[in-house]
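Colleague: below are the sequence and a predicted model for it; my questions follow.
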Amino acid sequence: MMDFEPPLRLTLGGSALVSNWRALDKRSGAARAGAAVKADAYGLGAREVVARLRDAGCRDFFVAHWGEAEAIADLIPPEWIAVLNGISSADVPGARALGAIPVLNTVEQVELWRTSGGGRCHIMFDSGINRLGLGPEQLTAAAIHGVEVDLLLSHLASADADVAQNGAQLSSLQSVITTVNAKRRSFANSAGIMLGDDYHFDLTRPGLSLYGGIARSEMAAFIKPVVALSARLLQVRDVSAGSPIGYNATHICNADTRVGTISIGYADGYLRAFSGKGTARVGGHIVPVIGRVSMDLVTLDLTGIPDIGEGDWVELDYDLISASALTGLSQYELLTNLGSRFARVWR
């Protein structure tokens, strides 16, 4: 296979990742912090993330699919991995062989696990998000008889805001704790960690804020950015005033303009929401995105920057909070949409 250098890259801060996990672990009080590494660790690369957090002391990792569990099972003991989206009859043989732990979300999944041999599992309780999990009317001692429950989990719907739903969900979870003979309990996500000790239980499950996301405003004081985007300049040329730029001529140059085209686009997760809004950095200069973001290309206004040309690198402004406010995209989308064509370079 030929060895080509990708014309776009993610520079990823390994020390920032570990610092964020340690800060979240500290703020989890008497609980320990695990790590949500689903969706390829929110787009950063699950294997690299898991190895770093394992070495930092993390012992609980959460994925959504069984294939995600298999992809990291050689890096950590499989029993450290919880598979959030449950189990089907087709999954049982592979799940048993792999050794990762299913999070059972329905009465039917509990029965399937029991009849296939039982053993260690986790139970998801739906405390009010009305998504996955056994509801209050379903989570009875009889329903979960015959399985070994390690974690009783629930999930906060609105922990990023101070709303009554948080307390209502907490009360709902507390009401079923005695029903489930679980070794451990887990409730708080990144934002939930900041709601205080009542929400911590035995294990917290940060995701977004591990990767530099600010789940609540008070986290900005200690969460460090992890991701930086760069792209190579493919072409620089001068166009005259009145020239259109990009698809559908959404930008018309109001003066003679030096236009740079970089190798990134919506196929890489730099979405069309940045069209005419995004910015990039060239040395000490901030330059605007002009025209429409296309599949593989973005155009920049490089007017007044003489010492830059084809082959040079440009850094895209991708601060998660600022980019979210600019585009209307969530911080989660901004991370998980980052595509496979980036070279992921860990520092």
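Modeller: Arrived safely, thanks for sending.
Colleague: all contacts plus neighbour counts: C-alpha atoms, from now on.
Modeller: Will do.
Colleague: next up, the contacts around the residue lying closest to residue 184 once chain neighbours are set aside.
Modeller: Leaving aside its sequence neighbours, residue 184 sits nearest to residue 151 (CA to CA, 6 or more residues apart in numbering; 4.8 Å). Contact analysis of residue 151 by CA atoms under 8 Å, 6 or more residues apart in numbering lists 121-123, 182-186.
Colleague: buried ones among those?
Modeller: By neighbour count, with 16 or more other CA atoms under 10 Å, these hold 121-123, 182, 185-186 as buried.
Colleague: tell me the one among those residues nearest to residue 130.
Modeller: Of all the buried ones among the contacts of residue 151, residue 123 has the smallest distance to residue 130: 15.1 Å, by CA to CA.
Colleague: shouldn't that closest one be in contact with residue 103?
Modeller: Yes: counting by CA atoms under 8 Å, residue 103 is a contact partner of residue 123 at 5.4 Å.
Colleague: thought residue 84 was touching residue 64, still the case?
Modeller: Yes: counting by CA under 8 Å, residue 64 does reach residue 84; the two are 4.8 Å apart.
Colleague: compare those two (neighbour count), which wins?
Modeller: residue 84 (24 against 19; other CA atoms under 10 Å).
Colleague: residue 181 versus that one, what's the distance?
Modeller: 19 Å (CA to CA, to the nearest Å).
Colleague: now do stretch 327-343, average pLDDT.
Modeller: The average of the pLDDT scores along stretch 327-343 is 97.
Colleague: sorry, wrong one. I was asking about stretch 122-134.
Modeller: What stretch 122-134 shows for mean pLDDT is 97.
Colleague: which of the contacts of residue 151 fall within strands?
Modeller: Judged by DSSP state E, the contacts of residue 151 include 121-123, 184-186 as members of strands.
Colleague: distance to residue 5 added to those residues, as a markdown table?
Modeller: Formatted as a markdown table, the ones in strands among the contacts of residue 151 follow (distance: CA to CA, whole Å):
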| residue | distance to residue 5 |
| --- | --- |
| 121 | 44 |
| 122 | 43 |
| 123 | 45 |
| 184 | 46 |
| 185 | 46 |
| 186 | 43 |
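Colleague: could you pull out the strands for the stretch 151-300 of the chain?
Modeller: Along the stretch 151-300 of the chain, the segments classed as strands by DSSP state E, counting those that start in this stretch run 184-186, 203-204, 227-239, 244-245, 251-252, 257-262, 279-282, 285-290, 298-301.
Colleague: wait, which of these is closest to residue 176?
Modeller: When the strands of the stretch 151-300 of the chain are ranked by proximity to residue 176 (CA to CA), strand 184-186 comes first, at 11.3 Å.
Colleague: hmm, who's touching the closest one?
Modeller: Against strand 184-186 from outside (CA under 8 Å, 6+ apart): 150-154, 200-205.
Colleague: run the last query once more with 7 Å
Modeller: For strand 184-186, contacts defined as CA atoms under 7 Å, 6 or more residues apart in numbering pick out 150-154, 200-204.
Colleague: just among those residues, which is most surrounded?
Modeller: residue 204 leads these on contacts (other CA under 10 Å) with 29 neighbours.
Colleague: so that one sits right up against residue 35, yeah?
Modeller: No: with contact defined as CA atoms under 7 Å, residue 204 does not count as touching residue 35 (8.2 Å).
Colleague: how many other residues sit next to the nearest residue to residue 250 once chain neighbours are set aside?
Modeller: In this structure, residue 250 finds its nearest non-sequential neighbour in residue 291, 5.5 Å apart by CA to CA, 6+ apart. Look at residue 291: counted by other CA under 10 Å, it has 25 neighbours.
Colleague: try residue 38
Modeller: Applying other CA under 10 Å, we find 21 residues neighbouring residue 38.
Colleague: chain neighbours aside, what residue packs nearest to it?
Modeller: Residue 38 sits nearest to residue 63 (CA to CA, 6+ apart), 4.0 Å away.
Colleague: so who does the one you found touch?
Modeller: 36-38, 69, 82-84.
Colleague: and for stretch 311-329, what's in contact with it?
Modeller: Here stretch 311-329 has contacts from 213-214, 228-234, 273-274, 279-282, 330-331, using CA under 7 Å, 6+ apart.
Colleague: would you list every one of the helices in the stretch 101-250 of the chain?
Modeller: In the stretch 101-250 of the chain, the helices defined using DSSP state H, counting those that start in this stretch lie at 107-115, 164-176, 190-193.
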